[in-house]
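>>> how would this look folded up:
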Amino acid sequence: MDSPPSLRVLTSNDVKRVVDEHLSLDRLLDETARLFYKLSHPGTTIATATNSTTSGATTATIQCPGRTSIYTDSYTLLTMAGDVNELGTSVKMVSVPKSSSSSPLLSSKAAASDKRGGRAGGGGGLGLGPRLRPRGLPATTVVFDEKDGRAKAVVNARELTALRTAMGSLLATELVMMEEVKIPTSIEEEEVVVVDNGVPDDAPLNTKRKPPVTLVLFGCGLQIEYHARMLLLRFRSIRRCILLNRTRNQRAKRLQKRLWSFVRNARAPNEPATIRLYTRINEEEDEEEEQKEEEQKQKEEVEQQREESAFERYVRQADILCFATSATEPLLEDSWVKPGAHLILVGSYTPQMQEVPSETIQRASKVIVDSRAHAIAEAGELIMAKLDENRDLIELGELFSYDNEAKIQPLPSALASARAGQVTIFKSVGLAVQDVMIARLVYDHAVDASIGTLIDRYDEEDEEEEEDVDVDVDVDAHAHAHVVDSDSGDATAITH
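So this is what the prediction gives:
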């Protein structure tokens, strides 16, 4: 363990090394399950954004206030602070650049309008290999010492945000994709295992799930890359992986190549999977297309109709659909989502954002969420669908029991209530306590493996003679400031 006055800095490459060499998929899933169970377990206290720290206040097992935002001309700075008693306290800062487009992947209707008008789970680490560059949004996590509140680590969190989000999605998907869940069939059984799903008695019950074969992902950012890798690694039955992106840009094509390489290295020869990229607009040819003669327009319209048909066909085949975009309108039609499909929604985090139609949301008997309080306040899809926090949502940590010996034990009644609709949905807005968990895990392994840059005496001054001053409290004893570049949103300096 580092000495208190020192500060360990973990760069993006340091974090990548820890993840690849020291964190197994099973370990990450276990830590994720432990966290969500603690978050949802009866008796756990969760602080809200309105809570304040007062002298003599009882320390909660988990404190997970809502995110705060600072708006600039170039980016929005999101701050997420959290505390887990056994893991400590951390604060993550994420910069979201201002974008000219609110929807990276347009729905069929919106695209037409735009066109007209202008790793192995056991052993060492995940070994994910090369990732996308640039790697996600600029993000930094500060880890604090549990005893005196000093900053003890500064961790690059670009990839960690995507990793911890993907692990929550993978846990939820594994639970709902279990081949069989016992559902009460008699009054006697219901007295023991109660299923209260709030749907009609004749609603279809997803009591059995076939192994997923087709995975469709919306977007080509780092969140999508980590979700694709984790799902392809865990569900070896997946044979088709379809990437749907608004433009066929270099980033999208690089992701397709990386996933091809990942499948070849992470899967056995008898576990192949095709990786296809489908886009609405060929960005590299936009200017050339605008210069085409009028007689080519009819041909283009026919081609557009063909592409729209292919887009719809891909979605209709999907067993798992994963969304990680900043869309403010639905990216597909509700009728395209087949019964029995599982949807992962991780893009929206404001009431104005929406990746799927309200009709699709309402087809789930209960929407699985990371946190009821946060999801109902921040997830645009749930707000627009007018879901009730208690009746229509169930937390991920309520789907299973957990202990150090038996680990994850699925709860049949809870799972049945989440699987009783036409589709299953997991909606994640992202929680600060997930950042606490993943940052602490990476930090501990970095210390053990001597990874990172250690700044000695970061919080220690040279001794010098001072005049005696009658002061009760040194209010600046542990003050730390992170200077953020006004254009890029990257942290440029750490001051004490």
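
>>> My guess is S6 contacts Y458. True?
Yes: contact criterion CB atoms under 8 Å: S6 and Y458 qualify, at 5.9 Å. Heads up, the C-betas are built off the backbone N, CA and C, glycines and all.

>>> who's more crowded, the two?
Neighbour comparison, S6 and Y458: the larger count goes to Y458, with 20 against 16 (by other CB atoms under 10 Å).

>>> Tell me how far G66 lies from A157.
Going from G66 to A157 by CB to CB, to the nearest Å gives 18 Å.

>>> whoops, I mixed them up, F36
Distance from F36 to A157, by CB to CB: 19 Å.

>>> One more: V216?
Per CB to CB, V216 is found 28 Å from A157.

>>> Between these two, tell me which one has more neighbours.
Neighbours were counted for V216 and for A157 using other CB under 10 Å; A157 has more, 29 against 25.

>>> For that one, give me its contacts.
V15, K92, V94, A139, T140, T141, D435, A439 (CB atoms under 8 Å, 6 or more residues apart in numbering).

>>> tell me the SS of the fifth one?
What it means is T140. Recorded secondary structure, T140: strand (DSSP: H, G, I helix; E, B strand; the rest coil).

>>> and what of E405?
coil.

>>> Determine the number of other residues adjacent to it.
4.

>>> Ok, D145 next?
The number of residues packed around D145, counting by other CB under 10 Å, is 17.

>>> Apart from its neighbours in sequence, what residue is nearest it?
In this structure, D145 finds its nearest non-sequential neighbour in K152, 4.6 Å apart by CB to CB, 6 or more residues apart in numbering.

>>> was I right about that neighbour contacting V9?
No: in this structure K152 lies outside contact range of V9 using CB under 8 Å: 10.7 Å.

>>> Give me the more crowded residue out of those two.
Set K152 next to V9 and count neighbours by other CB under 10 Å: K152 wins out with 25 against 16.

>>> Strands of the stretch 301-450 of the chain, start to end?
Remark: strands assigned in the stretch 301-450 of the chain by DSSP state E, counting those that start in this stretch are 320-323, 342-345, 367-369, 393-395, 400-403, 407-410, 424-427.

>>> among the ones you listed, which is nearest I376?
strand 393-395 (6.8 Å; CB to CB).

>>> List the buried residues in stretch 160-173.
160-173 (16 or more other CB atoms under 10 Å).

>>> Inside helices: which ones of those residues?
Taking DSSP state H as the definition of helices, the buried residues of stretch 160-173 contribute 160-173.

>>> Distance to K253 added to these, as a markdown table?
Putting these into a markdown table (distance: CB to CB, whole Å) gives the following:
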| residue | distance to K253 |
| --- | --- |
| L160 | 25 |
| T161 | 24 |
| A162 | 19 |
| L163 | 23 |
| R164 | 27 |
| T165 | 24 |
| A166 | 22 |
| M167 | 27 |
| G168 | 28 |
| S169 | 24 |
| L170 | 26 |
| L171 | 31 |
| A172 | 30 |
| T173 | 27 |
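
>>> From M177, how far off is the nearest residue to W336 once chain neighbours are set aside?
Closest residue in space to W336, ignoring its immediate chain neighbours: V315 at 4.4 Å, by CB to CB, 6+ apart. Separation of V315 from M177 (CB to CB) stands at 19 Å.

>>> Compare neighbour counts for these two and give me the winner.
The neighbour count for V315 versus M177, taken as other CB under 10 Å, is higher for V315 (23 against 20).

>>> Next up, the contacts around the more buried one.
Contacts of V315 by CB under 8 Å, 6+ apart are V216, L244, L321, L332, W336, V337.

>>> I'd say I275 and L243 touch.
Yes: using CB under 8 Å, I275 is in contact with L243, at 7.1 Å.

>>> what touches both of those two?
Q256, L259.

>>> which one of those two has more residues nearby?
L243 (24 against 20).

>>> which one is the more buried one nearest to, not counting chain neighbours?
The shortest distance from L243 to any non-neighbouring residue, by CB to CB, 6+ apart, is to L277 (4.7 Å).

>>> Could you tell me how many residues sit around E86?
11.

>>> Secondary structure element holding it?
Per DSSP states H and E: E86 is located in neither a helix nor a strand.

>>> heads up, I number from 22, so please use that
Fine by me, first position is 22 from now on; the one you just mentioned is E107.

>>> Just the pLDDT at it, thanks.
pLDDT recorded at E107 is 84.

>>> List the contacts of it.
Contacts for E107 (CB under 8 Å, 6+ apart) come out as none.

>>> Distance-wise, check it relative to M458.
Counting by CB to CB, the gap from E107 to M458 is 10 Å.

>>> ok, which pair from the ones in helices among the buried residues of stretch 181-194 is furthest apart?
Longest span within those, CB to CB: L181 and T194, 20.0 Å.

>>> in terms of contact, does R255 touch E195 like I think?
Yes: in this structure R255 lies within contact range of E195 using CB under 8 Å: 6.8 Å.

>>> Which secondary structure element of this protein has the lowest mean pLDDT?
Every helix and strand in the chain was compared by mean pLDDT, DSSP states H and E; the lowest is helix 208-213, with a mean of 30.

>>> who touches the following helix or strand past that helix?
Next helix or strand after helix 208-213 toward the C-terminus (DSSP H and E): strand 235-239. Under the contact criterion CB under 8 Å, 6+ apart, strand 235-239 has outside partners 126, 245, 248-249, 252-253, 256, 259-266, 335-336, 338-346, 352, 368, 376.

>>> residues in contact with the residue nearest to A435 when sequence neighbours are not counted?
Spatially, and ignoring its direct neighbours in sequence, A435 is nearest to L420 (4.9 Å; CB to CB, 6+ apart). L420 sits next to A193, L196, I389, P431, L432, A435, L436, A439 when contact means CB under 8 Å, 6+ apart.

>>> Compute the number of surrounding residues for the third one.
In terms of burial, I389 registers 31 neighbours under the definition other CB under 10 Å.

>>> do the fourth one as well
Using other CB under 10 Å, P431 has 15 other residues around it.

>>> how near is the spatially closest residue to it that is not a sequence neighbour to R48?
Excluding the flanking residues, the one nearest P431 by CB to CB, 6+ apart is F421, at 5.0 Å. The spacing between F421 and R48, counted by CB to CB, is 17 Å.

>>> Let me know the closest of the contacts of A178 to E292.
Nearest to E292 among these: V36, at 28.4 Å, using CB to CB.

>>> And for the closest one, nearest residue in space, chain neighbours not counted?
Sequence neighbours aside, N177 is the residue nearest to V36 in space, at 5.4 Å (criterion: CB to CB, 6+ apart).

>>> who's in contact with that neighbour?
Contacts for N177 (CB under 8 Å, 6+ apart) come out as L31, T32, S33, D35, V36, A160, T161.

>>> what's the closest non-adjacent residue to the third one?
Using CB to CB, 6+ apart and skipping the chain neighbours, the partner closest in space to S33 is N177 (4.5 Å).

>>> which residues does the nearest residue to P232 once chain neighbours are set aside contact?
Leaving out its chain neighbours, the residue that sits closest to P232 by CB to CB, 6+ apart is S258, at 3.5 Å. When contacts are counted by CB under 8 Å, 6+ apart, S258 touches P232, P233, V234.

>>> Pull out the buried members of the residues you listed.
P233.

>>> Of the contacts of S258, which is the nearest to E426?
P232 (28.7 Å).

>>> Please report the distance of that closest one from G361.
Distance check for P232 against G361: by CB to CB, it reads 12 Å.

>>> Please apply the same query to N266.
The gap separating N266 from G361 is 25 Å, by CB to CB.
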